[in-house]
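K.L.:
take a look and give me a structure for this.
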Amino acid sequence: MNDKVADSLIPYDEIVQEALRAVVGRVLRQVETGGGNLPGGHHFYITFKTGAPGVDIPQHLIERFPDEMTIVLENRFWDLKAEEEYFSVGLSFNQRASTLVIPYAAVTAFVDPSVEFGLQFHVDADDVPPPEHDAAENDGDAPSAGDITERGDSDNNVVTVDFGRKK
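P.N.:
Have a look, this model is predicted:
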């Protein structure tokens with residue numbers, strides 16, 4: 001028997017990643033349609049690559065988070081707009097109002113800890129984990145970044161897609 005796996009001419013991993021990112025857009029559109037209010041105890045942690053094409057965030061955030069950043073959508077956010085390719089949202093950082101524009105293609109994780117649901121996206125082809133960074137600093141009382149890992153990874157509701165690309 002041959003143990004070699006043939007290279008696929010169909011980019012399954014890209015297709016699945018795109019479909020799962022569409023889930024993020026659909027959830028954010030539902031919140032936007034509901035007047036920008038999160039239903040019940042739902043709240044979101046969204047991690048994204050700050051240097052990805054199309055990301056538009058204030059320079060002080062880029063300097064603080066040069067690779068990756070996690071934002072929290074829970075109590076204090078406004079003007080959520082979920083478009084086809086990106087979303088924008090108003091958040092406060094150290095009492096400074098900011099508008100962030102984030103393409104779905106830049107999102108690396110989406111977690112709703114209230115229902116232990118999470119999506120993680122494969123972004124780096126070399127499987128190099130992103131460097132550690134400080135927790136999100138959105139104003140308000142949000143759980144620490146460690147809570148995301150514990151809740152998100154403790155259940156089978158976390159979807160991670162990696163088709164084991166050849167190196």
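K.L.:
in this protein, which spans are strands?
P.N.:
Applying DSSP state E to the chain gives strands spanning 44-49, 68-73, 78-82, 86-93, 96-103, 107-112, 117-120, 158-160.
K.L.:
what about these, which gets the closest to Leu9?
P.N.:
Leu9 lies closest to strand 158-160 among the strands of the chain, at 24.0 Å (CB to CB). For the C-beta atoms, the positions are set from N, CA and C on the backbone; glycine is no exception.
K.L.:
save the strands of the chain as a markdown table, and put in distance to Val16 too.
P.N.:
Compiled in a markdown table, the strands of the chain are given as follows (distance: least, CB to CB, whole Å):
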| stretch | distance to Val16 |
| --- | --- |
| strand 44-49 | 19 |
| strand 68-73 | 21 |
| strand 78-82 | 21 |
| strand 86-93 | 20 |
| strand 96-103 | 18 |
| strand 107-112 | 14 |
| strand 117-120 | 11 |
| strand 158-160 | 9 |
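K.L.:
ranking these by mean pLDDT, which is last?
P.N.:
Lowest mean pLDDT within the strands of the chain: strand 158-160, a mean of 57.
K.L.:
confidence-wise, which helix or strand of the chain is lowest on average?
P.N.:
In the chain, no helix or strand scores lower on mean pLDDT, DSSP states H and E than helix 145-153, which sits at a mean of 39.
K.L.:
quick revisit: can I get the strands of the chain in a markdown table including mean neighbour count and distance to Ala22?
P.N.:
Formatted as a markdown table, the strands of the chain follow (neighbours: other CB atoms under 10 Å; distance: least, CB to CB, whole Å):
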| stretch | mean neighbour count | distance to Ala22 |
| --- | --- | --- |
| strand 44-49 | 22 | 15 |
| strand 68-73 | 22 | 18 |
| strand 78-82 | 15 | 11 |
| strand 86-93 | 19 | 12 |
| strand 96-103 | 16 | 13 |
| strand 107-112 | 22 | 11 |
| strand 117-120 | 20 | 11 |
| strand 158-160 | 14 | 13 |
